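Participant: Got a predicted model here, sequence first, then my questions.
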Amino acid sequence: MSDLLAARSQMGVSLAFHIVFAVVGIAMPVMMVVAERRWRVTGQAIYLELAKRWARGTAILFAVGAVSGTVLSFELGLLWPGFMRFAGSIIGMPFSLEGFAFFTEAIFLGVYLYGWDRISPRAHLGAGVAVAASGTASGIFVVLANAWMNAPTGFQLVDGRVVNVDPIAAMASPAAFPQALHMTLAAYAAAGFGVAGIHAFFPLKDPANAFHRRALEIALIVGAPAAVLRPVSGDLSAHHLARDQPVKLAAAEALFTTQHGAPLTIGGWPDPAAGETRFAIEIPYALSLLAFHDPHAEVKGLDTVAPELWPNVRAVHFSFDLMVAVGTYLALVALWAAWLAWRRNDLAHHRGLMRAVVLATPMGFLAVEAGWMVTELGRQPWVIHGVLRTRDAVTPMPGLVVPFVTFTLLYCFLGVIVCWLLYRQILRST
Amino acid sequence: MSLADVLAGIIFVALNGYALLGGADFGGGVWGLLASGPRKQRHRELIAEAIGPVWEANHVWLILAVVLLFTCFPPAFARLGTLLHIPLSLVLIGIVLRGSAFTFWRYGGAEDEELRHWGVTFAIASLITPLLLGTTVGAIAAGAVGDGGRGMGDGFVATYVRPWLNPFTLSVGLFALIAFAFLAAVYLTLEAREQELEDDFRRRALGAGVALFCAAALALLLSRGYAPPMREGLILAAWAVPLHLLTAACAVTALAALWVRRWRLARVAAAAQVSLILWGWAFGQYPYVIPPDLTIADAAAPAATLRLALGAVALGALVLFPSLAYLFRIFKHGQPSSGIPDP
């Protein structure tokens, strides 16, 4: 394994691990606060129990998110000193703001978790709201930094030197809004359906269990609207990609040749050497329609750049299809649940829906992981799109396979432990 | 004083915050590991109660220092990440294990015997992490993280290992470990609600205070061979003598206050002592961010970035300090905190 590949793998594993906890850290506090608020309003003890259980889960997951996030902030320098030397002054700002947002989140999570009998009910609920708000803010700040890597703005290159740095303009990259919106919705959808799926498992056996019914209700209120809105934000992202990152879109859609009235390619086996995708389902004009809202618009293919500037087409295309597939599934389940709720059906007694929600448990996280694969793999070979190559940013230190294997083992170990702890928490609730 | 100097100072304030708060949490883990005698279990409970509500917030001081460092001084961050890759990676593993083990231990369902293992993991990680953090500080202070690692010879070991793994850096690591343990013991005298526990941590604090003095002497002795620039900066500079006197006065005050059981005074004096030592290091290597060649001015980001970073810090501080004050007012006053009661 080359050092570059080891560094990329270590960064990939660290991000893939951290993002699960980051997503939960963004959306879980919202559910926790809703449950507490319902307890304060209705006085039903079941909501208090729910808020406390979710707070326990949040405590475990937030801690792992905090430490794995620390690892990432250091890894920027440990693995990519070339990137930091180039980009630190341009894109450090959202990271610094994220630092403060994360600080606020950590403070108020401490207040929330340990302050049940210390502060007034209003202050306690306020602390929960502060956790939820700052969690969402820190997620958005980090995504802004990533958006800049995809569509860099806010500086000029003169003779290879960075001049006229404008950190505010760098935060307002064209990718910033679509990415931040899409990711925030994805976080709510993933965590909402993750929690809903766990609690939907029990009504299948015992539909009268009030605890799980209430939990399911709140989780769906958080997850379902986001899942329905996500295709809309995805459409915004597609527009942006077609305009500003055409190579990534071409790889995601396995579109080798630039064409008018481009078809949407689903599945198949992209063959970069031959420049074609075999065995795929093609929907005529659909890609032009999605990318530009015009069935005859020209969509740029991979042929607009030299093959050495292509990302790994297969990986990006399959990740993209996976993201769209699971995202669509969640949106449909959300609509189904909304329809049944509107018709005043009892959701917990609806076995078909409960099965579908149980199946949805991992789907949101799968969508998040696959979406980041598209974003990150689709940008290669660049670390800063069109400006700095990944291979020029990597550390000169040799033997990077050692830290890669070490951190991978560490994260596998932690992942197993967290699953086991959560499993026990959930089992105890029956 | 330039804008870059101000931001370097702010980053150092964050590091100072991490040492006083996050450092003490590490120190708590050390005392958990060393707990013995009839009150062993109560020691561990007290430590966990003291750390529980605040450790995440204490930890973020480090993140704040890191993000501000790479925003304002990118070349310094890049060089530290490259040349200190190994110890910093080990520090990270320690941080990951410590944080998650603590949470698993406290939230995994405390009644379980098997979860005690997490307490042990937490404690061991608390021991190793400060040691390695100290060695990285030692390497920087000694001027060993110089221009691309030159000056230490060629090859992997000379570039990536020897700068941070030598008797001097290890003595600094030991010093950091003992300083954190000292702080933790002093703070715990205040957290303890029973005379017996107060006495236990008073004894430990006094012992650690003396050990800290020995570790400082050892580091000073070894600096002769390994860190001559640091030695000259700290001893020959005009400001050094009053600083040393002040540090010594704080150290004596802390120990005397412990002796006469004035816990609050001891806490203030101990925190001041450790802070002054840190600022001694900072002034000792000023104007270098990484001696012997990278100055604050050379490493600084463009003025536009620095101005915005300062604005962000000012804005962040407006949110941060009242929130922190709130957190500490709730939990570091009055009765021990209860955690989440079992539903």
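Facilitator: Yes, it's here.
Participant: Determine the number of other residues adjacent to residue 145.
Facilitator: Just going to use chain A. Neighbour count of residue A:145, defined by other CB atoms under 10 Å in any protein chain shown: 22. The way it works is simple: take the backbone N, C-alpha and C, and place the C-beta from them, glycine included.
Participant: meant chain B, my bad for not saying
Facilitator: Neighbour count of residue B:145, defined by other CB under 10 Å: 26.
Participant: which residues sit in contact with it?
Facilitator: Shown in contact with residue B:145 (CB atoms under 8 Å, 6 or more residues apart in numbering or on different chains): B:79, B:80, B:83, B:84, B:139, B:163, B:290.
Participant: Let me know the helix or strand that residue A:409 is in.
Facilitator: helix A:401-428 (DSSP states H and E).
Participant: Equivalent analysis for residue A:142, please.
Facilitator: Per DSSP H and E, residue A:142 falls inside helix A:121-150.
Participant: and that helix, how far from the chain's centre?
Facilitator: 14 Å (CA atoms, centre = their mean, to the nearest Å).
Participant: Would you mark the buried spots in that helix?
Facilitator: Buried positions in helix A:121-150, judged by neighbour count with 16 or more other CB atoms under 10 Å in any protein chain shown: A:124-150.
Participant: restrict these to those near chain B?
Facilitator: The subset of those within reach of chain B, by CB under 8 Å from any CB of the partner chain, is residue A:130.
Participant: pull the longest helix from chain B.
Facilitator: Secondary structure of chain B per DSSP state H: the longest helix is helix B:195-226.
Participant: Mark which of the contacts of residue B:145 are part of strands, please.
Facilitator: By the criterion of DSSP state E, membership of those in strands covers residue B:290.
Participant: between the contacts of residue B:145, which is closest to residue A:76?
Facilitator: Nearest to residue A:76, judged by CB to CB, of the contacts of residue B:145 is residue B:80 at 11.4 Å.
Participant: Chain neighbours aside, what residue packs nearest to residue A:307?
Facilitator: Once flanking residues are discounted, residue A:307 sits nearest to residue A:272: 7.0 Å by CB to CB, 6 or more residues apart in numbering or on different chains.
Participant: looking at this, residue A:162 is in a strand?
Facilitator: Yes - judged by DSSP: H, G, I helix; E, B strand; the rest coil, residue A:162 forms part of a strand.
Participant: so it makes contact with residue A:155?
Facilitator: Yes - look at residue A:162 against residue A:155 with CB atoms under 8 Å: they come within range, at 5.2 Å.
Participant: does the next helix or strand after the helix holding residue A:142 come close to chain B?
Facilitator: As assigned by DSSP H and E, the chain's next helix or strand after helix A:121-150 is strand A:156-158. No - applying CB under 8 Å from any CB, one finds strand A:156-158 separated from chain B by no less than 11.5 Å.
Participant: Report the buried residues of the strand or helix carrying residue A:76.
Facilitator: Element membership for residue A:76 (DSSP H and E) is helix A:45-79. Neighbour-count burial for helix A:45-79, with 16+ other CB under 10 Å as criterion, is recorded at A:46-79.
Participant: what's the angle between the following helix or strand past it and helix A:121-150?
Facilitator: On the C-terminal side of helix A:45-79, the closest following helix or strand by DSSP H and E is helix A:81-114. Angle of helix A:81-114 versus helix A:121-150, following axes from the mean of the first three to the mean of the last three CA atoms, to 10 degrees, is 170 degrees.
Participant: Specify the angle between helix A:81-114 and helix A:45-79 in degrees.
Facilitator: Using the same axes, to 10 degrees: helix A:81-114 against helix A:45-79 is 160 degrees.
Participant: Rounded mean pLDDT for helix A:81-114, please.
Facilitator: Model confidence over helix A:81-114, given as mean pLDDT, is 91.
Participant: hmm, back to that, filter the buried residues of helix A:45-79 down to the ones near chain B?
Facilitator: The residues of the buried residues of helix A:45-79 that also fall near chain B, by CB under 8 Å from any CB, are A:48-49, A:52-53, A:55-56, A:59-60, A:62-64, A:66-71, A:73-74, A:76-79.
Participant: buried set for the longest helix of chain B?
Facilitator: Across helix B:195-226, burial judged by 16+ other CB under 10 Å covers B:197-198, B:200-202, B:204-206, B:208-209, B:211-212, B:215-216, B:218-220, B:222-223, B:226.
Participant: Could you do stretch A:338-348 as well?
Facilitator: In stretch A:338-348, residues buried by neighbour count (16+ other CB under 10 Å) are A:341, A:347, A:348.
Participant: cool, stretch A:415-424 as well?
Facilitator: Buried residues in stretch A:415-424 (16+ other CB under 10 Å): A:417, A:418, A:421, A:422.
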